[in-house]
Structures are given as structure tokens and as C-alpha cells.
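Student: Just a sequence and a predicted model for now, questions to come.
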Amino acid sequence: MVAVDLIASCLDSIRQIGDEITDALVYLDAGTLEAFQFVGAFPLLLELGARAVCSLESTSPLDAAAEWNSSFAHPARKIVIITSRLLSDAHRYILRCLGNHGTVSHCIVLTAISEIGHSAYVDSPLGPDAFRNGDNKWGSGVHYGPSESSPRKKDFSDDDLGQVEAGGKRLSVIVCHFPMIFSPISSRTFVLPSEGTIAESYLSNHREDSLSPGLPSISTGKAFDGDEVPPGVTLTAQFLYHLANKMDLKLDIFSLGDTSKVIGKLMMDMSSLYDVGRNKSSAGLLIVDRTIDLLTPCFHGDSFLDRMLSSLPRKERTSSYYVAKNPQTPSKHTQAAVKRSPLDIKVPFETAFSTEETKCRTSMLSESMMAFVSGWNSAEVDSEVTWLPDYTDKAHDDKVGSISGSFLSNYDGVRYLEALLDRGSKDGLMLIKKWLMEALKLEKLSFPSKGRQAASVSELHSMVQMLCQHQLSLVRNRGVIQLALAAEMALQEPQSTRWDAFTSAERILSVTSAETTQSLASEIRDFINTSTSVESHKQGNTMGSSQGLLTFQDILLLTIIGYILAGENFPTSIAGGPFSWEDERSLKDVVVDSILERPSSVKFRFLDGLEKELEAIARSKDADRNKDFSEPTSTTTDDFDDQWDDWDDDDDNTDNQKEEAYGNMQLKLEVRDRVDQLFKFFHILSSMRLRNQVLGEGLAALSRFETDSYSRKGLLYKLILAVLTRYDIPGLEYHSSAVGRLFKSGLGRFGLGQSKPSFGDQSVLIIFVVGGINTLEVREVMKAISESSRPDVELILGGTTLLSPDDMFELMLGSSSFT
């Protein structure tokens with residue numbers, strides 16, 4: 001059997017559209033750009049004959065001039081647009097793109113959303129039949145130039161072909177489905193593009209058992225109503241179905257969780273006799289709700305990649321897409337998008353050129369980089385030319401210093417990310433050091449080696465500087481240089497101190513949760529008080545010596561962890577929390593005091609509407625603090641007559657103080673009400689296992705696979721060990737197709753019924769987590785495979801997005817939450 005390789009499958013799917021890409025301007029939207037960066041698809045696009053690869057959101061008439069293949073003697077007549085979004089969302093950008101190129105007569109639009117998938121948003125302007133689009137919306141607004149007449153609308157004659165005529169010119173637009181748009185972190189790990197429609201669509205509606213639109217609802221065992229299925233659920237089912245078809249896999253589908261169960265049923269409804277009869281390889285698909293295990297992505301575990309991704313700044317979202325509404329249809333299914341963190345990271349390349357001894361070379365290299373960004377090649381320009389602009393002042397511009405781009409999963413045949421996925425912090429640093437040493441050897445540069453001594457950040461920095469001495473060396477080794485600089489940034493202050501503080505606090509909570517609820521509540525209360533004193537110290541000390549310690553937002557994330565741990569170890573009623581009334585009251589008091597103590601640094605979703613009042617208190621505190629520092633103490637006695645006129649002013653000040661005190665009391669009461677609602681949310685987190693008894697029993701049974709009592713393992717680790725040993729997991733549901741049910745009901749009368757298959761029996765296993773995965777889980781899954789009795793099994797792990805602990809906070813208490 002041929003090994004499954006996600007990166008190779010993505011590249012093969014691009015080769016299959018090679019005829020369309022040849023001699024075409026290729027436009028990628030933000031989601032596709034992110035996915036293709038991981039795959040390393042840009043060299044392949046140029047190899048297939050693309051004139052240029054451009055951004056759809058930043059389309060310009062000058063794109064046609066940026067031809068990488070100079071063999072074309074005629075202007076561009078074909079455009080290929082690859083989008084990860086609904087056609088209705090990408091519509092205005094496509095129109096702008098077509099309007100910028102008057103010579104184009106043929107346009108191919110490849111979208112990751114299938115024709116049926118568009119029905120998830122029935123009230124979008126193009127409607128569920130956007131592929132056919134009888135009104136020919138593509139013709140609206142397309143102009144070829146001031147001398148040409150505007151195109152007139154014409155109905156489509158075929159299912160997916162529209163034609164627009166303008167001034168004798170004929171424009172054909174073909175819309176096709178291209179499902180292989182995802183971000184493969186490795187050959188067997190993938191997530192969906194963060195700025196694609198599937199990842200941004202709601203996974204749950206606003207109900208009592210919902211935590212966030214970006215997470216599935218809590219599993220209660222109750223079935224979804226047909227009209228209540230969120231669009232993200234439908235689109236996820238469509239994606240998994242078409243992904244399996246593209247990879248020629250015949251799936252046995254299993255699910256764990258209510259949302260996953262709906263996805264499994266939708267996939268079964270899409271199956272047919274044609275799918276069963278085709279010659280496909282068998283595989284098992286297990287769909288898991290993220291809300292079944294919220295702890296693992298919240299933890300700051302020993303994963304080198306997780307540490308890097310959590311420390312590096314991300315690129316700002318470039319797209320301004322929105323789910324458009326159709327005024328002629330009801331807006332029942334139209335919802336705002338979930339803002340996922342882009343996987344496009346920013347690596348500060350300027351740190352490689354910061355020493356004094358290479359200052360001259362640094363200036364020359366930075367000027368050359370600026371020149372390249374500005375569109376000319378310094379190597380081909382005569383040194384005596386004087387009309388060229390001077391880039392010296394811009395050499396260290398942020399746009400050049402911090403280069404944005406995803407980590408490459410496939411870099412010249414080297415799978416760097418795949419090798420780092422199962423590494424901890426120390427092992428990952430040693431591996432990057434090894435790669436740097438190999439690069440230096442290939443460049444014939446010598447570096448004094450210290451044997452097997454552990455790698456240090458300063459050592460990596462010195463090797464990176466040696467590789468950056470020459471431009472060719474920098475370009476040839478940019479992949480490993482990018483990883484080395486990212487590792488340096490993740491392990492320096494204050495990122496390193498903050499991560500270690502998180503790790504220590506989480507370990508304390510895990511140990512304390514096995515004792516009593518009083519001790520666990522006491523630890524959480526101490527963390528909150530510590531964060532308050534740290535913030536107060538930061539405000540009073542301009543030196544910032546406490547930088548890097550945990551903030552109040554970090555403590556709220558630890559509080560979430562504490563409540564989930566309390567719910568697992570001390571199950572209680574759904575209505576009540578895991579702590580006693582006295583302990584929880586004291587927790588609420590310290591949270592309220594913390595919010596009012598430094599209101600300027602507190603900006604959370606549950607405090608919406610109180611921003612102005614909190615900002616006013618912050619300004620008042622700052623004014624009082626500055627007044628204390630600025631007012632000198634008077635040592636002389638003022639004349640009695642000078643103070644006679646101030647008595648009335650004192651009365652006015654007293655009235656103002658009373659009004660201010662009253663306003664502060666009202667604000668405190670309002671903050672307390674909001675904090676009460678916040679703790680109700682914590683109660684939901686602590687009672688998740690109690691809301692579905694069967695699922696709770698299954699999760700409790702999986703604790704037998706906790707091989708190490710000193711380090712907590714996530715749900716996926718225990719699931720892998722359980723299914724590979726054919727352990728029956730309560731709550732795990734098998735979805736049989738219509739054909740399978742026919743065989744069971746028909747042949748069962750003659751005693752020939754088929755037994756229920758086991759997920760672990762397949763040689764190819766796919767696990768997809770609805771809501772997202774994190775790299776710590778990837779490392780644990782790889783470890784579970786190696787520890788199992790079947791290390792030869794091929795496991796593919798996927799998820800809605802790649803989560804970090806900060807992303808989990810945003811989903812539950814930040815801008816993407818229901819709280």
C-alpha cells in the first residue's frame with residue numbers, strides 16, 4: 001500500500017490543473033496563500049508556466065508586468081483565481097481583478113467550497129447556486145477600459161460557464177471546485193487555512209451549552225434540529241468528504257461528541273453506491289469535538305513548536321471579508337465570522353545583522369533587500385548610475401526587518417516542521433543546531449564545535465550571523481535561518497520567563513486538584529493576588545522589572561484550567577460549582593478587586609459596555625499617582641487671609657468626591673454582576689462531563705491509559721492507545737452508510753449480518769478535531785503510536801485550526817467568545 005502523504009497529495013492536485021495554470025496570471029486569496037506557503041507550492045506554480053503569482057486582495061494592473069516567465073510575447077489573456085472562500089465573499093475581489101486586466105478573455109475560479117457547501121449560507125447574495133448563477137453576477141462591474149462599453153448581462157448556457165460580451169471582447173468565466181486547500185504542517189498533520197470560510201464559520205449557535213462560535217457546543221446527548229446546524233458543521237462535513245474522495249479513501253466513520261455526530265451523519269448522507277463500488281483504499285475516520293478536551297490546548301506543555309508559535313508575532317489579517325447578506329432572503333443562517341489567528345508568522349531577520357563588527361556588511365545587505373522589495377535588482381545595475389533612489393535610511397525599516405511568512409513544511413525536499421513536531425524545547429534546539437552546522441559545512445564555513453554540549457541561544461545566533469554574511473548563503477539557507485531566529489525569539493526574555501511561569505503554575509494546579517477543593521481554590525486566589533501586585537508594580541515602576549510575569553489575562557486562563565480540573569476530580573451538580581460558597585465568594589471578590597485595581601489593562605468580552613467607566617477610573621488613578629509625585633510638601637505656613645476664599649472650593653470638592661464615590665460604587669456593583677456571569681461560565685466548564693453521562697463514563701474509562709502519573713496526557717493520546725487495543729469506548733459512535741444498513745437489515749435475516757467494525761482495525765487512521773488541534777497533541781499522538789502494539793499504522797491528524805493557549809483564551813473569554 002502506498003504511504004499517505006498530505007504534502008505530496010496537495011502538490012499532485014496542483015499538477016492536475018497545470019493546463020489551466022500555463023500562461024495564466026495566478027491570484028491567491030489570503031487563505032490559499034497561507035496554505036500554499038506551507039506546501040511550498042510557489043516554485044511548482046512557476047514551473048507549470050504561471051506568468052506571476054499575486055495576491056487577490058491586493059490586485060493591481062501592474063501584476064501583469066511581474067512576469068517570472070519571460071518567454072511570453074503576448075499580453076496575459078487568462079487568469080486563474082484560487083480562493084478558500086465562498087464565491088459571494090470573493091466576488092468583489094474577482095470583479096476588481098478582472099477589471100484591472102483588459103486583455104483577459106478567460107477566467108477560471110477554483111474555490112475550496114463545493115457547490116453543495118454554498119448552501120450552508122442560503123442568504124448570501126449569489127445564493128446556494130453560485131456555481132451556475134443564472135443572473136451572471138460575474139459580469140456586473142467588469143470594465144476593460146474607458147473606451148469600452150460596460151458588459152451586459154447574459155444568462156449561463158452551461159452549469160458552470162458564464163459569458164460576458166463587451167465591445168466585441170468575450171470573457172468566459174469557469175467556476176470549479178478545488179478541495180485540496182489546507183495547511184499541511186507535516187506529511188500527516190494538517191489544519192484548515194485560518195482566513196478560509198470553513199475555519200471562520202460558526203461551529204455552534206448561541207445557546208446555553210455553547211462556549212464560543214469557534215468551538216463545538218458541549219456534548220449533552222441531545223440531537224441537533226435540522227434548521228439549527230451551524231454552517232461550519234456543514235462545511236466541515238463537505239471538506240472531509242471531498243478530501244477522502246480526492247485521496248481515494250473509503251471511510252469507516254466514527255464520532256465522539258454531538259457536533260462530530262452530526263458531521264458523521266452528513267457525510268453518510270453524501271455517500272452513494274458509486275462511492276462504495278469504486279476501487280479505493282479503506283481507512284478509518286474519527287471525528288472528535290474539541291470541547292471534550294479543553295485542557296490540552298490550554299496547557300503550556302513541552303512542545304518546541306508550540307512554544308515558538310505562541311511567542312512569535314502573527315501577520316495581521318489582510319482580508320476584510322464578511323458574510324454578506326441577501327436582503328431578499330431571511331438572515332437566519334447569516335452569522336459573523338470567527339477571527340482565527342493567521343499562521344503567517346513574523347520572523348525578525350534584522351537580529352541577524354545587529355553586531356558592530358558586521359555593521360558595514362549589514363548596511364549593504366539591508367539596502368540590497370530594500371532594493372529587491374522595491375522592484376529592481378542591484379546586481380544588474382551599474383555602480384555609477386546616480387538616478388537610483390537612496391535606500392540607506394530605509395534599510396532597517398520594519399517592513400524589511402520583520403519578514404512575514406509561514407513555516408515551510410516542504411523546503412527543498414526537507415521536512416523541517418515534521419522533524420520538530422515530536423521534540424521538546426531542549427531537543428528542538430539541539431536539532432536546529434545540527435541543521436545549522438550542516439549548512440555551515442556546505443557553505444565551507446568553520447564554526448568551533450563544543451561536542452555534545454547543549455545548544456544555547458547565543459550559539460545559534462553566532463551561526464546564523466555566519467550564514468548571513470553573503471546574500472547567496474542567506475537565500476540558500478533561509479529555511480533553517482528562519483527556524484533559528486524563531487527559536488531565538490521564543491527562548492529570550494520575556495517570552496521564556498512567561499512560558500516557564502505558566503508551566504509552573506499549571507503543574508501546581510494539576511497536583512493540587514488531586515487534594516481538596518479548598519486547596520485548589522486557595523492556589524487560584526493566590527495567583528490572582530500575585531498578578532494584581534505585579535501589575536501595580538509595573539504601573540509604579542517605570543523600569544519594568546516585572547516584565548514577563550503572568551498578567552491578569554493569564555490568570556483568568558489558569559482559572560479556566562483550575563475549574564476544569566476541579567470538575568474532573570470533584571464532580572458536582574450541574575447548577576453548582578465545584579467549590580464551596582465561601583471559597584467561590586472569595587474568588588469573586590479578588591477578581592472584582594483586580595479589575596478595579598488596574599482597569600486600563602482589563603479589556604475582556606464580559607466587560608463590554610463598561611469601557612468608558614473603567615478608562616475614567618484608570619485616568620483618575622494615573623492623575624492621583626502623578627499628583628503624588630509632582631506636588632512638593634510645603635514647609636511654610638500660608639497667610640490666613642489667602643485661605644479664606646478656599647472654603648467654598650473645599651465644599652465643592654467634597655460634593656464632587658461624594659459623586660465620584662457614588663459612581664465608583666455603582667461601577668463596582670456592575671462589575672460584580674459581570675463577574676457573577678463569568679463564574680457561571682466557569683460552572684459550565686466544570687460540569688461538562690456531567691451533561692452527558694455516557695460520554696463522561698467513556699472519558700473516565702480512558703484514564704486507565706494514563707501511563708505516567710506525573711505528567712498529564714491529552715484525550716487524543718489515550719484515544720489512540722484505546723482504539724489500537726480494540727478497547728470499547730462508551731460514547732464512540734459508528735456511522736454506517738445507507739448501503740451498509742441495507743446489508744445489515746437484508747442479510748441479517750439469514751444470519752449473515754456484518755459485525756460492527758473497529759476504528760483501530762484499519763491500517764490508515766484519520767482523526768479530525770472539530771475546533772482545532774495544537775502541536776502538543778501532535779507530539780502526544782506520535783508518542784502514542786510508537787508506544788502501541790501497531791507502530792506501523794498510518795495516522796493522519798487534522799483540525800479546524802492550529803491552537804495556542806492564547807487562542808483558547810480568545811475563543812472562551814476574548815473577542816471570539818459568547819461570554
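Tutor: Nice, thanks for sending it over. Numbers count the residues shown, from 1 in each chain.

Student: May I ask which helix or strand encompasses Cys176?
Tutor: Assigned by DSSP states H and E, Cys176 falls within strand 169-177.

Student: So for that strand, mean pLDDT?
Tutor: For strand 169-177, mean pLDDT rounds to 82.

Student: Please apply the same query to stretch 249-268.
Tutor: Mean predicted lDDT for stretch 249-268 stands at 91.

Student: With only the CA atoms kept, save it in PDB.
Tutor: C-alpha atoms of stretch 249-268 as PDB (Å, rounded to 0.1, in the frame of the first residue of the first chain):
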ATOM      1  CA  LEU A 249     -10.100   6.600   0.600                       C
ATOM      2  CA  LYS A 250     -13.200   4.600   1.500                       C
ATOM      3  CA  LEU A 251     -14.100   5.600   5.100                       C
ATOM      4  CA  ASP A 252     -15.500   3.900   8.100                       C
ATOM      5  CA  ILE A 253     -16.700   6.900  10.100                       C
ATOM      6  CA  PHE A 254     -16.700   7.200  13.900                       C
ATOM      7  CA  SER A 255     -17.600  10.200  16.000                       C
ATOM      8  CA  LEU A 256     -17.100  11.300  19.600                       C
ATOM      9  CA  GLY A 257     -19.300  14.200  20.600                       C
ATOM     10  CA  ASP A 258     -22.600  15.800  19.500                       C
ATOM     11  CA  THR A 259     -21.200  18.000  16.800                       C
ATOM     12  CA  SER A 260     -19.000  15.300  15.400                       C
ATOM     13  CA  LYS A 261     -22.000  13.000  15.300                       C
ATOM     14  CA  VAL A 262     -23.800  15.500  13.100                       C
ATOM     15  CA  ILE A 263     -20.800  15.700  10.800                       C
ATOM     16  CA  GLY A 264     -20.600  11.900  10.500                       C
ATOM     17  CA  LYS A 265     -24.300  11.700   9.600                       C
ATOM     18  CA  LEU A 266     -23.900  14.500   7.000                       C
ATOM     19  CA  MET A 267     -21.000  12.600   5.400                       C
ATOM     20  CA  MET A 268     -23.100   9.400   5.300                       C
END
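
Student: Work out the gap between it and the centre of the chain.
Tutor: 23 Å (C-alpha atoms, centre = their mean, to the nearest Å).

Student: Stretch 799-818 too?
Tutor: Counting by C-alpha atoms, centre = their mean, stretch 799-818 comes out at 8 Å from the chain centroid.

Student: which parts of that stretch are buried?
Tutor: When burial is assessed from 16 or more other C-beta atoms under 10 Å, stretch 799-818 yields the following buried residues: 799-814, 816-818. C-beta coordinates here come from the backbone N, C-alpha and C atoms, glycine included.

Student: Could you list the low-pLDDT ranges of the stretch 501-650 of the chain?
Tutor: 532-548, 572-575, 599-602, 621-650 (pLDDT under 70).

Student: which stretches of it form helices?
Tutor: Under the criterion DSSP state H, counting those that start in this stretch, helices of the stretch 501-650 of the chain are mapped to 517-540, 552-569, 581-597, 611-630, 647-686.

Student: Tell me the helices and strands packed up against the shortest one.
Tutor: For helix 581-597, the elements it packs on are helix 517-540, helix 552-569, helix 647-686, judged by 3 or more C-beta pairs under 8 Å, 6 or more residues apart in numbering; DSSP states H and E.

Student: Going along the chain from the longest one, find the next helix or strand for me.
Tutor: So that's helix 647-686. Criterion used, DSSP H and E; the element after helix 647-686 is helix 693-701.

Student: As a check, name the ranges of all helices in the stretch 701-819 of the chain.
Tutor: Under DSSP H, counting those that start in this stretch, the stretch 701-819 of the chain gives helices at 715-724, 738-747, 775-787, 805-812.

Student: And the strand holding Cys176, what's buried?
Tutor: 171, 173-175, 177.

Student: Just the C-alphas of that strand, formatted as CSV.
Tutor: Output of strand 169-177 as CSV, limited to C-alpha atoms (Å, rounded to 0.1, in the frame of the first residue of the first chain):
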residue,chain,number,x,y,z
LYS,A,169,-14.5,41.1,-26.5
ARG,A,170,-15.7,37.8,-25.0
LEU,A,171,-15.0,36.9,-21.4
SER,A,172,-15.6,33.3,-20.2
VAL,A,173,-15.7,32.5,-16.5
ILE,A,174,-15.5,28.9,-15.4
VAL,A,175,-16.1,28.0,-11.7
CYS,A,176,-14.8,24.7,-10.4
HIS,A,177,-14.4,23.0,-7.1
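
Student: Tell me, how many residues neighbour the nearest residue to Lys756 once chain neighbours are set aside?
Tutor: Once flanking residues are discounted, Lys756 sits nearest to Tyr734: 5.6 Å by C-beta to C-beta, 6 or more residues apart in numbering. When neighbours are defined as other C-beta atoms under 10 Å, Tyr734 has 15 of them.

Student: Identify the bridge partners of Tyr734.
Tutor: Here Tyr734 sits in beta bridges with Phe254, going by DSSP bridges.

Student: distance of it from Lys250?
Tutor: 15 Å (C-beta to C-beta, to the nearest Å).

Student: just to revisit the earlier point, now do the residue nearest to Lys756 against Ser758, distance only.
Tutor: Taking C-beta to C-beta, one finds Tyr734 at 9 Å from Ser758.

Student: can you check Ala722 too?
Tutor: According to C-beta to C-beta, Ala722 and Ser758 sit 11 Å apart.
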